[in-house]
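Peer 1: what would the 3D arrangement of this be:
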Amino acid sequence: MLLISEALKAAYPGALIGAILLKNVSNSEFSLRLEKNKEELENALRAKYEDFNRADISLTEPIKTYIDYYKRFKKTYHVLLQLESVVLKKKSIPNVAPLVETMFMAELKNLLLTAGHDIDAVRLPIRVDVSQGNERYILLNGQEKELVPGDMMMADGDGIISSIIYGPDKRTRITQSTKNVLYVVYAPPGIAENLLNQHLEDINQYVKAVSPDAILEIQEVYKV
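Peer 2: Presented below is the predicted three-dimensional model:
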């Protein structure tokens, strides 16, 4: 499903890419079980970081690895901002759509950058590559963006579907009618493989809280 380019191997040796594909899912059903999981996760995160301030959190892994990556592009790691919102500001994980909420939950638990796609909108295979800086795509908010040089990115047969710095595209986004969902995880060099495996398993369990009949088709970690 994923093809790792030689350019990416040269630019980011030791990076990892995770992929999990679940079929027969639902993105419209309210789940009491998922709501309970969200509440438990929020409480666990607040307990874990009870004595931490923003600077302390920034020094923990894998947050620090992502911060170092984002700094090269003068950007802030958005999962850190989401974690601060839940832990320091005591805000709840937002209610959006179940298949998106499950991704947010796994990101907050494991702090690994994840993008979600409707696999039926993707023209396989997916190429994982490093951007040259002249590629363009439409973001979730409808804005067209040109990639910065040197960013990790993914493209299918029709164009860019995500990048670390700017996130997933609009064309392959998860929608209310999504029935088959692909989550991909970017892990820059320095992040442990066992954490990535745990992250994929958490996504699997969270999705099945919403869609008990979901079928796990692929769960794999690719080494760059």
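Peer 1: mind listing the helices for the protein?
Peer 2: Counting by DSSP state H, the chain forms helices over residues 6-11, 32-48, 54-58, 63-71, 78-87, 98-110, 193-210, given from the N-terminal end onward.
Peer 1: pick the most buried one from those.
Peer 2: Of all the helices of the chain, helix 98-110 has the most neighbours on average by mean count of other CB atoms under 10 Å, namely a mean of 23. Heads up, the C-betas are built off the backbone N, CA and C, glycines and all.
Peer 1: just to revisit the earlier point, of all the helices of the chain, which lies closest to K170?
Peer 2: K170 lies closest, by CB to CB, to one member of those: helix 98-110, at 13.8 Å.
Peer 1: between that closest one and helix 78-87, how big is the angle?
Peer 2: Helix 98-110 runs at 90 degrees relative to helix 78-87, counting by axes from the mean of the first three to the mean of the last three CA atoms, to 10 degrees.
Peer 1: so for helix 98-110, what's the average pLDDT?
Peer 2: In this model, helix 98-110 has a mean pLDDT of 96.
Peer 1: please name the residues that touch V25.
Peer 2: Listed by CB atoms under 8 Å, 6 or more residues apart in numbering, the contact partners of V25 are L99, T178, K179, N180, V181, V207, V210, S211, A214.
Peer 1: then I161?
Peer 2: A115, H117, V122, I126, Y137, M154, A155, P168, D169, R171, T172.
Peer 1: tell me who's in contact with the third one.
Peer 2: With contact set as CB under 8 Å, 6+ apart, V122 has these partners: D156, I161, T172, L182.
Peer 1: mind doing that once more with 10 Å?
Peer 2: Taking CB atoms under 10 Å, 6 or more residues apart in numbering as the contact definition, V122 lies against M1, M154, D156, G157, D158, I161, D169, R171, T172, N180, L182.
Peer 1: can you check the last one too?
Peer 2: With contacts defined as CB under 10 Å, 6+ apart, T172 is in contact with 115-123, 126, 154, 156, 158-162, 178, 182.
Peer 1: likewise the fourth one?
Peer 2: Contact partners of I126, counting by CB under 10 Å, 6+ apart, are 1-3, 17, 19, 117, 119, 154-157, 161-162, 172, 182, 184.
Peer 1: P168 and N24, how far apart?
Peer 2: Separation of P168 from N24 (CB to CB, to the nearest Å) stands at 22 Å.
Peer 1: need the per-residue pLDDT for the spatially most central residue of the chain.
Peer 2: Central residue check for the chain by CA atoms, centre = their mean: the C-alpha nearest the mean position is that of T114, 0.6 Å away. Note on T114: pLDDT of 98.
Peer 1: also the one 10 residues further on?
Peer 2: At L124, the model reports a pLDDT of 96.
Peer 1: surely it and M154 touch.
Peer 2: No. At 11.5 Å, L124 and M154 do not qualify as touching, with contact defined as CB atoms under 10 Å.
Peer 1: since that was my last question, I'll sign off now.
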